[in-house]
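Student: Dropping the sequence and predicted coords here.
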Amino acid sequence: MIEDYLNQAAYRVVSSTKELLNAVPPSIPVTLTGAAPAVAFKCRCKVAASGTHTDLVGHLYINAEDLNFISGVTTKQSTTLLTSLPVVTYLGLDCSILVECLDSGGADIKAETLTAIAIRLEKYDSGYYNASGVWTKTDTQILSQTLLSIGDKVRYGGKDYTIRKVEDNTDLGGETEFYSYLAN
């Protein structure tokens, strides 16, 4: 029943730092997948133990730039600005390697992951007391069977809405049938 009412296509938007690699590389050179950022970028590289792969000392090369990981150092940043996916090689490292993208000023470059969800979005002037005890106004109510959290983003009609309050709506058996979200 509620499924028929939730007939608007929207997206849950998850934003995170763009990653070029996050694995124990199986071969050299490392094959990167995906696309390079649309802007010039640098790389932040982190090494971490993973299972039996615990050798964190060695060299990681971003194109020709040598990032020398010595004992106790687990994060390095390249200095060369890139415009395409780099060639990543390593020597002496046997561990998990994370390569993230930073802009020319060193700030994280964000990548969005969109997950399709069914919603009903309604104009709904309301208010509530937030966690700090401050009266907060909202102008949108979103109904969905997808569980979201405060701070999550929903994109509908080209606009992003931030979830501010979450309520579940139960059926007569006490099971959650759908969720009501106040957003703006």
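Tutor: Right, received. Where do you want to start?
Student: export stretch 128-135 as PDB, just CAs?
Tutor: Extracted C-alpha coordinates of stretch 128-135, given in PDB (Å, rounded to 0.1, in the frame of the first residue of the first chain):
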ATOM      1  CA  TYR A 128      11.200  20.700  16.300                       C
ATOM      2  CA  TYR A 129      13.700  21.000  19.200                       C
ATOM      3  CA  ASN A 130      17.100  19.800  17.900                       C
ATOM      4  CA  ALA A 131      19.600  17.900  20.100                       C
ATOM      5  CA  SER A 132      20.900  21.300  21.500                       C
ATOM      6  CA  GLY A 133      17.400  22.300  22.500                       C
ATOM      7  CA  VAL A 134      17.000  24.900  19.900                       C
ATOM      8  CA  TRP A 135      13.700  25.300  18.000                       C
END
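Student: hmm, who's touching it?
Tutor: Residues outside stretch 128-135 that contact it (Cβ atoms under 8 Å, 6 or more residues apart in numbering): 127, 136, 138, 164-165, 182. Heads up, the C-betas are built off the backbone N, CA and C, glycines and all.
Student: Buried ones only from the residues you listed, please, as a PyMOL command.
Tutor: Per 16 or more other Cβ atoms under 10 Å, the buried members of those correspond to this PyMOL selection:
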select buried, resi 138+164+165+182
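Student: Among the contacts of stretch 128-135, which lie within helices?
Tutor: The helices, defined by DSSP state H, take in nothing from the contacts of stretch 128-135.
Student: so how far is the longest strand along the chain off the chain centroid?
Tutor: Assignment by DSSP state E gives strand 110-129 as the longest strand of the chain. Relative to its chain's centre, strand 110-129 lies at 17 Å (Cα atoms, centre = their mean, to the nearest Å).
Student: begin at 329 from here
Tutor: New numbering, starting at 329: the last item is strand 438-457.
Student: If you count neighbours, what's buried in it?
Tutor: 439, 445-449.
Student: go on, stretch 493-512?
Tutor: Within stretch 493-512, the residues scored as buried using 16+ other Cβ under 10 Å are 493, 506-511.
Student: try stretch 472-487
Tutor: Neighbour-count burial for stretch 472-487, counted by 16+ other Cβ under 10 Å, picks out 472, 474, 476, 480-482, 484.
Student: Next step: the residues you listed restricted to strands.
Tutor: 472, 481-482, 484.
Student: how about the residues you listed, which pair is most distant?
Tutor: 472 and 481 (13.0 Å; Cβ to Cβ).
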